[in-house]
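Enquirer: need coordinates for the below:
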Amino acid sequence: MSATNKFPQTTARVSSPEGSDIKKEDEHESVLPNGHEIWRVERVDRVNDNPDRKLYPNPLSLKPFTPMSWFVDESDAVVAKVLVEVEEKEQKEKRAFALAGPRMEIAFDPKSCKAAIVTCGGLCPGLNTVVREIVMCLRRQYGVKETYGIPSGYRGFKDPSSWIMLDEKVVENFHNLGGSFLGSSRGGHDTAAIVDSLVEQGVNLLFVTGGDGTVRGAGKQMRKSQQTDDDELSLVFLSLIYLFSAFLFPVSLMCNTTRTAKIATEVRMRGLEIAVAVIPKTIDNDIPIIDRTFGFETAVHAAREAIDVAVTEASGFPLGLGIVKVMGRHSGFIAMHSTLGSRVVDLCLIPEVDFHFDGEGGIVDHLADRLLENDRAIVVVAEGAGQDLMEKMGAKVVTKTDASGNIILNDVGRWLVEELKPRLNAKLEGKTKYNDRVKVKYVDPSYMVRGVPPLTADNLFCTRLSHNAVHGAMAGFTSFLVGSVNTRECYLPIDLVANKQHIIDTTDRSLWSYVVFDTQQPGFADHLAFRDEQRKGM
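Expert: Numbers count the residues shown, from 1 in each chain. I've put the predicted structure just below:
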């Protein structure tokens, strides 16, 4: 088996979430029981596609009593979707991803390897665990002794003298720490300077952990062409895209990306054998395809604790209204999961669903009913919710961006406090025994949910992601991210998630339906239009 062979377009063995394998029917396809599935594995770039390139035995395979079943075969893959139509008659090609894990042969000589780790963007529970486990896996499983931490995000590449030598002693207690030992920053990305530093310092393994700003970028356009085997033509095309990308994409988008994809592209254009691996990080959980990102469960737990505080405060006064704002610029996963985890929330507002205050289906009537019934009500709102409504109602249109190009949002939490209190007081006038007024208790735990140490579940998840990132890089994969798809870690080309966001599908059979049923809140749909649409489908 050659570690430099390209992934086949089909896979002989496709892993299901339960770990069972789909039987191979012939050399070209893997077939589900209905006999109509052909699996296409998404190809991941290699640092060198030369089939005659020298390979090295994986040090893990040389250890006594190491089961060969621990190693991943080139034909192992993870299905993209587990929900299938069993009555489907037409033969269709289905997508799958390369299964993550150690390979029997690797592309780098561990004795000559030098690794660098950089953390970018906002803080997230588990950042230090990722750093720790990359170091541990490199040293203990592969014997790579030189691993450097790049301080302060991408800007740290400019000063190699500030790089921090990481060994087992340094990172020993990292998994118990919140924040980022290496530090982070937004912006400061200079692709050419970064690659220059990697070359000058002899780094051939680069591990990047960051959120959508780190993963996003020119993405698909900047990935090596898969339609041609002519590497020279592919690199010319990539060079043109690279040079003119500033004109092809809006400034806000370009600023929004700290472009790991561009580093991998620059490396390939220079003909360098440097593996670039990404461990995606965002507590918003808004990276598509993968099941979740590390730190998300810890963030949800911290958000739930904030909800518990709001419940305590709101329960201490007649007509107590607790409002909790949590993180979630474009997706409301933290708000949704913490709402369901707490079991006491009366209204959950997320960016994916528009809402209104007054009239049928409005939030004022709903909250008034809950206040009269329970003498308190709890609202959880994601920071990106209601932005369009705020502008329509006269809030200032925000055009400023942060260093990563993210638009600075209006404060929906404070705005809800100002808008709900007078409306609810008017609605409840004379309806309580003592004619009580609404007492609003506002809780904003935004930074509390991301600066805390990771929970055990996130520590374990970080370990799996980090070790598999190391396995992939040592095997010679590059320009990839490691993520869990249907509970199995796999390797995905960066362009599959670049410039895309994962949001809650409120029309599908998702957890959002549980939120609506549990809180008894309005569905915020146009009732007549919804009814007509339902009738059309009957």
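
Enquirer: for Gly143, see how far away the residue most central in space within the chain is.
Expert: By CA atoms, centre = their mean, the chain has its centre lying nearest to Ile287, at 3.7 Å. From Ile287 across to Gly143, the span is 32 Å (CB to CB, to the nearest Å). In this view, the C-beta of every residue, glycine as well, is placed from N, C-alpha and C.

Enquirer: likewise Gly362?
Expert: Gly362 is 64 Å from Gly143, by CB to CB.

Enquirer: then Asp52?
Expert: Asp52 is 25 Å from Gly143, by CB to CB.

Enquirer: who's more crowded, those two?
Expert: More crowded of Asp52 and Gly143, by other CB atoms under 10 Å: Gly143, with 11 against 8.

Enquirer: so who does Val381 touch?
Expert: Applying CB atoms under 8 Å, 6 or more residues apart in numbering to Val381 gives the contacts 323-326, 335, 348-349, 412-413, 416.

Enquirer: just Leu138 next, same as before
Expert: Applying CB under 8 Å, 6+ apart, the residues contacting Leu138 are 113, 115, 144, 147, 205, 470.

Enquirer: returning to what we had before: between the contacts of Val381, which sits nearest Arg437?
Expert: Ile323 (15.8 Å; CB to CB).

Enquirer: what secondary structure does that closest one sit in?
Expert: Here Ile323 is recorded as strand under DSSP: H, G, I helix; E, B strand; the rest coil.

Enquirer: next: Ala77.
Expert: strand.

Enquirer: how many residues are close by it?
Expert: Neighbours of Ala77 (other CB under 10 Å): 31.

Enquirer: pretty sure it is touching Ala96, no?
Expert: Yes - between Ala77 and Ala96 a contact is recorded at 4.0 Å, counting by CB atoms under 8 Å.

Enquirer: tell me which residues of the helix or strand containing Trp512 come out buried.
Expert: Trp512 belongs to helix 511-519 when assigned by DSSP states H and E. Using 16 or more other CB atoms under 10 Å as the test for burial, helix 511-519 gives 511-512, 515, 518-519.

Enquirer: again with stretch 491-498
Expert: 491-498.

Enquirer: any weak-confidence spans in the stretch 351-500 of the chain?
Expert: By pLDDT under 70, the weakly predicted segments of the stretch 351-500 of the chain are 399, 402-405.

Enquirer: just the strands in it please.
Expert: Remark: strands assigned in the stretch 351-500 of the chain by DSSP state E, counting those that start in this stretch are 376-382, 439-443, 480-485, 488-493.

Enquirer: the stretch 51-200 of the chain too?
Expert: Under DSSP E, counting those that start in this stretch, the stretch 51-200 of the chain gives strands at 56-57, 76-79, 92-99, 105-106, 114-119, 146-150, 164-165.

Enquirer: name the helices or strands packed onto the last one?
Expert: Strand 164-165 makes packing contacts with strand 146-150 when contacts are defined by 3 or more CB pairs under 8 Å, 6 or more residues apart in numbering; DSSP states H and E.

Enquirer: and the strand it packs on, how far from the chain's centre?
Expert: 24 Å (CA atoms, centre = their mean, to the nearest Å).

Enquirer: run through who's touching it.
Expert: With CB under 8 Å, 6+ apart as the criterion, strand 146-150 contacts 113-118, 131, 134-135, 138-139, 156-157, 163-167, 181-182, 201, 203.
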